[in-house]
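Engineer: Got a predicted structure here, sequence first:
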Amino acid sequence: MSKATRIPLRMLGKSDLNISAIGLGTWQFSKGNNLIGRYWSDLNEIDIQKIVQISYQGGINWFDTAEIYGKGKSEETLAQALNMLEDGGKEAYIATKWWPMFRKASSITKTIEERISVLKNRTIDLYQIHQPHSFSSIKAEMEALAELIQNKKIRFAGVSNFNEKKMREAHEELNKHGFPLVSNQMKYSLLDRRIEHNGVLDAAKELGITIIAYSPLEQGILSGKFHKNPELIKNIKGPRKYTSWFKKNGLAKTEPLIELLEKLAKEYEVTPTQIALNWLIHFHGDTVVAIPGATKVQHVEQNIGTLTFQLSDKHLQEIDQISKGISTD
């Protein structure tokens, strides 16, 4: 598949960024650096290069990283991989995040040159407040982001893990400076549908804010492979194997959904993973995009394949009903 020729694009919020409905999450590029980075096993440079290259050539045109992922190591590794592409990844968009814990809003502007440097001077297309807890107000944070946009240090601003009230406040404050809040990155999957009930999703639709769904496959549980062979859980590196969905009761509870995903996967001649992701990016129109990670080339190929078909309305509703009886909400 030639890059970006067969993949439909959609606008990121009220920006002028036309993005693929699937981006690539790059937390796993942290190289095992710092506590956050050790959540995933260390990927070698060759595998990372292949993952980025195949994603880009397959039409995935944006990559999500963060300052806290390996203390900048994910950003650096991503930039290196993009720079090594044949065209230097010139059509790739980069989304990264400022870590607010124990910091003030002044840190947003003070540390931006470091972020740019770590990213090898690539453009920061989307800069996000990683979570809502800091020593400063949302007003101060949005003022800092507006300053970065005005000074052309970043192109657009977003937030992550902001509830409805905080998201609305961020939108209002940024709008005072003439800039849109284009996104809110939230945990969202067929097994975690809280944003549908706590006002976040409805407010996003109202305000024209894109929801960027992270952990869209619940750390791989929606692939169904752990249901078929629970012994695989013992080989998982990092703490995710101790989360509730990976326990015996969690596997049993999710079995009906996995069976449906597998049934539809056969009908569409795709994988259960692709069915789960396809539901996520189509059930709410263009409001939700997703950033599954990838630690193997086959994961990338599945991510790309997700963008080449669309579930019928009947099947979207069928998955919706089964999921509602299982998910966290």
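Structural biologist: Structure received. Small disclaimer: the values here were computed from a predicted structure and weren't measured. Numbers count the residues shown, from 1 in each chain.
Engineer: Not counting sequence-adjacent ones, nearest residue to Thr295?
Structural biologist: Spatial nearest neighbour of Thr295, excluding adjacent residues (Cβ to Cβ, 6 or more residues apart in numbering): Gln28 at 5.4 Å. Every residue, glycine included, has its C-beta placed from N, CA and C.
Engineer: ugh, typo on my part, it should be Gly158
Structural biologist: Among residues not flanking Gly158 along the chain, Ser183 sits closest, at 3.6 Å (Cβ to Cβ, 6+ apart).
Engineer: And for Val270?
Structural biologist: Gly305 (6.1 Å).
Engineer: The one you found falls within a helix, correct?
Structural biologist: Yes. Looking at Gly305 with DSSP: H, G, I helix; E, B strand; the rest coil, it is inside a helix.
Engineer: my guess is it meets Thr273, correct?
Structural biologist: No. Gly305 is beyond contact range of Thr273, at 9.1 Å (criterion: Cβ atoms under 8 Å).
Engineer: For those two, work out which one has more neighbours and name it.
Structural biologist: Neighbour tally, Gly305 and Thr273, criterion other Cβ atoms under 10 Å: the higher count belongs to Thr273, 24 against 20.
Engineer: who touches whichever strand or helix holds the more buried one?
Structural biologist: Secondary structure assignment for Thr273, by DSSP states H and E: helix 272-282. With contact meaning Cβ atoms under 8 Å, 6 or more residues apart in numbering, helix 272-282 is reached by 21-22, 188-190, 213, 216-217, 222-224, 258, 261-262, 264-265, 268, 270, 288-290, 292, 302-303, 305-306, 309-311, 316, 319-320.
Engineer: quick one: Trp98 from Ser312, how far?
Structural biologist: The gap separating Trp98 from Ser312 is 41 Å, by Cβ to Cβ, to the nearest Å.
Engineer: ok, the two, which is more surrounded?
Structural biologist: When Trp98 and Ser312 are compared on other Cβ under 10 Å, the one with more neighbours turns out to be Trp98, at 26 against 11.
Engineer: re earlier: which is the succeeding secondary structure element to the helix holding Thr273?
Structural biologist: Counting by DSSP H and E, the next helix or strand C-terminal to helix 272-282 is strand 288-290.
Engineer: Show me what secondary structure element comes after the lowest-mean-pLDDT helix or strand in the chain.
Structural biologist: The helix or strand of the chain with the poorest confidence is helix 34-37; it has a mean of 51 (mean pLDDT, DSSP states H and E). Next along the chain after helix 34-37, taking DSSP H and E as the criterion, comes helix 45-57.
Engineer: Next, count neighbours for the closest residue to Lys324 other than its chain neighbours.
Structural biologist: Excluding the flanking residues, the one nearest Lys324 by Cβ to Cβ, 6+ apart is Arg193, at 7.4 Å. By other Cβ under 10 Å, the residues close to Arg193 number 18.
Engineer: Does Arg193 touch Ile326 like I think?
Structural biologist: No. Arg193 is beyond contact range of Ile326, at 9.5 Å (criterion: Cβ under 8 Å).
Engineer: can you pull out the strands in the stretch 51-200 of the chain?
Structural biologist: Under the criterion DSSP state E, counting those that start in this stretch, the stretch 51-200 of the chain contains strands at 62-64, 93-98, 124-129, 154-160, 181-187.
Engineer: Please render those strands as TSV that adds distance to Thr77 and mean pLDDT to the earlier fields.
Structural biologist: Below are the strands of the stretch 51-200 of the chain laid out as TSV (distance: least, Cβ to Cβ, whole Å; pLDDT from 0 to 100):
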stretch	distance to Thr77	mean pLDDT
strand 62-64	11	98
strand 93-98	12	98
strand 124-129	16	98
strand 154-160	20	98
strand 181-187	20	98
